[in-house]
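Peer 1: Next come a sequence and a model predicted from it.
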Amino acid sequence: MGLNLLDLRGMGYERTLVLQDGRRHIGSSIGTSAVDVNTIPEDLLLRVDTVTGGQSAIYGADAVTGVVNFITRDDFEGLKVNLHHMQPELNGGEATEFSVTWGSNFAEGRGNVAVSFQHSQTAEVYGKDRPWIAASPGYQVNPADTGDDGIPDEILVFNTTNNLLSENGVIWGTHPLTTIYGYPSSYFPLLGSLASGPYTFTNDGQLVAFNPGEHPPGETTSVGGDGLNFISSTQLYPELDSQNYFAKAHYDLNESTRLFVEAKYSVNNAESYGQPSFDYFGDLVISADNAFVPAELKQELDDAGMTEFWYHRFHSDLGMRGDDAKREVQRYVLGIEGDLIGSWSYEAYAVYGQYDAEVDYTNNRHNARFFEAVDAVVDPGTGEIVCRSETARANGCLPINLFGYGLNSQEAIDYFMLQDTGSTENMTQTVFSASVTGDLFELPAGALSTAVGVEYREETSEVDYDQVIKDGETFMNALAPSSGEYDVSEVFFEVSAPLVEGLPGVDSLTLGASARFSDYSTIGATTTWGTSIDWAITEDVRIRATSSEAVRAPNIDELFSPLGQNYFSWEDPCSYDKIDEAPDPAQRAARCAELGVPADFNSVKDASSLSGLSGGNTELKEETAETITYGLAITPRFAPGLVITVDYWDMEITDAIDGIPAQEILERCVDSASINNIYCPLVPRDPSTGEVISLTSPLLNIASLTARGIDYQVDYSFELSELVSSESDWGSLKFSLLGTELLERNDYPFQDNPDDPDEVRGELGDPIRSYTTNVTYYRGDLQINWRSRYIDDMLLIETDQRRDLQDPYKTPSIRYHDLQGRYKFADFEVYGGVNNIEDVEPPVGLSGTGGGSGIYNTLGRNFYLGINYTL
């Protein structure tokens, strides 16, 4: 993907608002407001302010789980050049960055201008170069298991393969639906059966026996054998190349009026690769008279009376599928700020942002042309092997040989592997905002201050695809173009009221309130609010509390994306072995019968990918989040430099936008009191076989999310000479501890069923306990930092599942250690270090990317060195 999107609280990046200098920023993910923080100018970055909890009243929609505000410097003077290189110990992931920043005051200090350029390159990372993936771990049925007995149902094994597929091709004798899954032959189309087999081919096309590896009956996951090992097609990170250009300036017209401008241009190129095209379960049917069929196989087909056969193959030698994405971001800011009468000041600005992307899909197979090239025959006139179709030959079709590996010319492959298909993406954002701040009147403990403002924002988004993709002619899903827009007008205010100070037990007491009234062109009017209390009991102890209601309006993608092709993971609840798993088995059996499903039905599609539709919904409304926080801050005078903060937070999001999980649709259809429900029409079945034909899952405001936790931070800095009562300079030490204790994290797929939560807390990606410790030593121009990051153990299964479901069923706790040193020589600063000193790998069986496993380090031990020149 090549984007760096932020996700506070792990509740979705669409619920985290990212700002630059307190102002909106164009997104980099089509149809959303999610900001790629790689576009933020690092060298001019002053600080990053993160405020968690619902902040929509202050900052607007999307600030449901919090706000991350990148503050850039507006007073930079001089020249700064930085060169940085990072080198993993293992292959892949090397990164180089170069940046130069210049700034200067002008007009006798009334103005400042700064410009910055940054270029970075990161090499791709493949699974074969990471030992935890190269070992090819996977789970397999445990032959020692006898049921719910404390013995693991599945165990972790290595050198796993998929015994249905091979890069050299597989021809099964008795079909795998029978030999592996145990289904009777009546459940699949009969194409005959070979006397022996299964077969595969050597690289040069020799017919040999296929070794399916070691696997229990009914398992497609084998250990060893000739089946498919996915390692070669596993890319952990894409190749990235990006350039960022940024400029900002201000000029004081007079003592009370300042003009400011910003301009940004960022271009990001990401080249990603994944699995090649593949065919199995009857996708690829080859005629017995195919010219490339070896004579030995042809004879056996003739003996069996077979005129065609199913062929299973993973087409790695025809090219890996991928995409080459070029993303451009432009952003411009023009504003004015200044002083009014007394304490009053104002700010007004306009922001325009634009995102454009061109995505070229690599090795996108044109299915009809591929099957034309596969269907090869001998031309009786010339004796040459050609494509059977004369029309195809006229269009340039050249025959391909799939019985082996790497046997085809690039010219033949180019007939059906398209390199010029892709998509175009465009988003725009326009913002006009104006506000005034000042004091209304005096209270006993100070002035009642307020901020009042208005804002108008317009967002547009559009994505289009080449016609062959829209028509579903390629190996990709059929994708439909999408476009949409909305605008919102808002009025907001904040007040801060210092009520009391200087009393016993009340050193100070301040109340705050905020509200925002919005009118969307899509969902209508919304109101958000927030209240706060800040109570300093003494100079050493402070208590704070907030309560807020935040909203997230549905984004353009959620509203306007059409229903498009998708594939779902599922198990058919009407299969005879699933009936007893229902809350009411008799009721499920009755509903399945009413749908025309036979009593002894066992789905042949079960556990495969189910084709269907998913997409947006113009009837969506806003999400609402209720958030409460209580905080304690201690700054004891007896220990200068010590700061302790503890915050308890509680959040509930209702009307959360989500698609109904495929399995939920299937089960709710047949577990309802009647088939006349809203779910059964979403999963039509074949009246003759009872098989599910397709599934439709539109987005709805159906879910709710809850989370509670405790954030804590301890900072302590002191001079070492104080410990030894010495007047010598021993340097200083700074210690910091920052962590979170997750008390609750539940998803409710259906908010109208609060008694059936999906408990996410403690599962992969949501550790109960995590924290980071930093210790930094300073002495003169020397700085040494040690950082340790701790991640608690996490479940690899669902919280409510049996612990003997698999072994291991949870990850171990993990701790990473990093070390960095810096030293300044006049105008030069040299720095370097090592991350993941102990070369800690992700837990066995996890890739370290995607899902929840992205929480782990995936580069292994890596070293870096850099130099800064400042003038």
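Peer 2: Yep, that arrived.
Peer 1: pLDDT-wise, which helix or strand of the chain ranks last?
Peer 2: helix 176-179 (a mean of 56; mean pLDDT, DSSP states H and E).
Peer 1: For the chain, identify the residue most remote from the centre.
Peer 2: Each residue of the chain has a distance to the centre, and by Cα atoms, centre = their mean the biggest one is for Gly381: 56.5 Å.
Peer 1: Let me know the secondary structure of that residue.
Peer 2: coil (DSSP: H, G, I helix; E, B strand; the rest coil).
Peer 1: who are the neighbours in contact with it?
Peer 2: Residues near Gly381 by Cβ atoms under 8 Å, 6 or more residues apart in numbering: none. From N, CA and C alone the C-beta is placed, and that goes for glycine too.
Peer 1: got a pLDDT number for it?
Peer 2: Looking at Gly381, its pLDDT stands at 91.
Peer 1: Kindly confirm my reading that Glu667 forms part of a strand.
Peer 2: No - the assignment for Glu667, made by three-state DSSP, is helix rather than a strand.
Peer 1: So what's the residue count around it?
Peer 2: Neighbour count of Glu667, defined by other Cβ atoms under 10 Å: 22.
Peer 1: Name the nearest residue to it, ignoring sequence neighbours.
Peer 2: Pro573 (5.0 Å; Cβ to Cβ, 6 or more residues apart in numbering).
Peer 1: Is that neighbour in a helix, a strand, or coil?
Peer 2: Strictly by three-state DSSP, Pro573 counts as coil.
Peer 1: what sits against it?
Peer 2: 579, 581-582, 588, 592, 666-667, 670-671.
Peer 1: In JSON lines: the residues you listed, plus pLDDT.
Peer 2: Shown next, in JSON lines, are the contacts of Pro573 (pLDDT from 0 to 100):
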{"residue": "Ile579", "pLDDT": "91"}
{"residue": "Glu581", "pLDDT": "85"}
{"residue": "Ala582", "pLDDT": "89"}
{"residue": "Arg588", "pLDDT": "95"}
{"residue": "Cys592", "pLDDT": "95"}
{"residue": "Leu666", "pLDDT": "93"}
{"residue": "Glu667", "pLDDT": "93"}
{"residue": "Val670", "pLDDT": "95"}
{"residue": "Asp671", "pLDDT": "93"}
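Peer 1: Please report how far the residue nearest to Glu667 lies from Val495.
Peer 2: 55 Å (Cβ to Cβ, to the nearest Å).
Peer 1: What of Leu83?
Peer 2: 49 Å.
Peer 1: before we move on, what about Pro757?
Peer 2: 38 Å.
Peer 1: Could you check which of these two has the larger neighbour count?
Peer 2: Legend: neighbour count by other Cβ under 10 Å for Pro757 and Val495, higher for Pro757 (18 against 15).
Peer 1: doesn't Phe750 make contact with that one?
Peer 2: No - counting by Cβ atoms under 8 Å, Pro757 stays clear of Phe750, with 10.2 Å between them.
Peer 1: still on that earlier bit, out of the contacts of Pro573, who's nearest Ser704?
Peer 2: Closest approach to Ser704 among the contacts of Pro573 (Cβ to Cβ): Glu667, at 19.4 Å.
Peer 1: Mind jotting down where the strands sit in the stretch 201-350 of the chain?
Peer 2: Assigned by DSSP state E, counting those that start in this stretch, the strands in the stretch 201-350 of the chain fall at 207-209, 221-223, 235-237, 239-254, 257-276, 278-279, 285-287, 308-310, 313-314, 320-339, 345-362.
Peer 1: what about the second one, average pLDDT?
Peer 2: Mean pLDDT, computed over strand 221-223, is 91.
Peer 1: Remind me what it packs against, helices and strands.
Peer 2: The contact analysis (3 or more Cβ pairs under 8 Å, 6 or more residues apart in numbering; DSSP states H and E) places strand 221-223 against strand 138-141, strand 160-162.
Peer 1: Distance from the chain centre to the last one, please.
Peer 2: The gap between the average C-alpha position of strand 160-162 and the chain average comes to 26 Å, counting by Cα atoms, centre = their mean, to the nearest Å.
Peer 1: The first one now?
Peer 2: Relative to the chain's own centre, strand 138-141 is displaced by 26 Å; criterion: Cα atoms, centre = their mean.
Peer 1: Can I get the next helix or strand along the chain from that strand in CSV, CA atoms only?
Peer 2: Where DSSP states H and E defines the elements, the next helix or strand beyond strand 138-141 is strand 154-157. What follows is strand 154-157, C-alpha atoms only, in CSV (Å, rounded to 0.1, in the frame of the first residue of the first chain):
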residue,chain,number,x,y,z
GLU,A,154,-4.5,-28.2,15.6
ILE,A,155,-0.8,-28.0,16.0
LEU,A,156,1.9,-25.7,14.5
VAL,A,157,3.9,-27.4,11.8
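Peer 1: what's strand 154-157 packed up against?
Peer 2: So strand 154-157, by 3+ Cβ pairs under 8 Å, 6+ apart, packs with strand 138-141, strand 806-807.
Peer 1: So Ser853 sits against Asp766, correct?
Peer 2: No - using Cβ under 8 Å, Ser853 makes no contact with Asp766, being 12.0 Å away.
Peer 1: what's the burial count for the residue nearest to Gly111 when sequence neighbours are not counted?
Peer 2: Among residues not flanking Gly111 along the chain, Tyr251 sits closest, at 3.9 Å (Cβ to Cβ, 6+ apart). Tyr251 sits with 15 neighbouring residues when counted by other Cβ under 10 Å.
Peer 1: next one: the one 4 residues further on
Peer 2: With neighbours defined by other Cβ under 10 Å, the count for Glu255 comes to 9.
Peer 1: Would you mind measuring from it to Tyr405?
Peer 2: Taking Cβ to Cβ, one finds Glu255 at 77 Å from Tyr405.
Peer 1: Repeat that for Asp339.
Peer 2: According to Cβ to Cβ, Asp339 and Tyr405 sit 75 Å apart.
Peer 1: can you check Gln801 too?
Peer 2: Counting by Cβ to Cβ - Gln801 and Tyr405 are separated by 40 Å.
Peer 1: Look at those two and report which has more neighbours.
Peer 2: Tyr405 (19 against 12).
Peer 1: can you pull the contacts of that one?
Peer 2: Taking Cβ under 8 Å, 6+ apart, one finds 167-168, 201, 203, 316-317 in contact with Tyr405.
Peer 1: change it to 7 Å
Peer 2: Contact analysis of Tyr405 by Cβ atoms under 7 Å, 6 or more residues apart in numbering lists 167-168, 203, 317.
Peer 1: Nearest residue to it in space, please, no chain neighbours.
Peer 2: Using Cβ to Cβ, 6+ apart, the closest residue to Tyr405 is Asn203 (4.4 Å).
Peer 1: got a list of what that neighbour touches?
Peer 2: Contacts of Asn203 (Cβ under 7 Å, 6+ apart): 168, 404-406.
Peer 1: Apply 10 Å and report the result again.
Peer 2: Residues in contact with Asn203 (Cβ atoms under 10 Å, 6 or more residues apart in numbering) are 167-168, 317, 404-407.
Peer 1: what do Pro757 and Phe750 both touch?
Peer 2: Joint contacts of Pro757 and Phe750 (Cβ under 10 Å, 6+ apart) are Ser704.
Peer 1: can you list the weak-confidence ranges in the protein?
Peer 2: 1, 173-195, 218, 606-608, 726, 850 (pLDDT under 70).
Peer 1: what touches both of Ser853 and Asp766?
Peer 2: Met794.
Peer 1: tell me the domain boundaries of the protein?
Peer 2: The chain resolves into domains spanning 8-124+238-274+323-362+422-552, 160-228+278-314+367-415 when parsed by automatic domain parsing.
Peer 1: Now do the helix or strand harbouring Val830: which elements does it pack against?
Peer 2: Per DSSP H and E, Val830 falls inside strand 828-835. Applying 3 or more Cβ pairs under 10 Å, 6 or more residues apart in numbering; DSSP states H and E, one finds that strand 828-835 contacts strand 78-88, strand 782-791, strand 814-825, strand 862-870.
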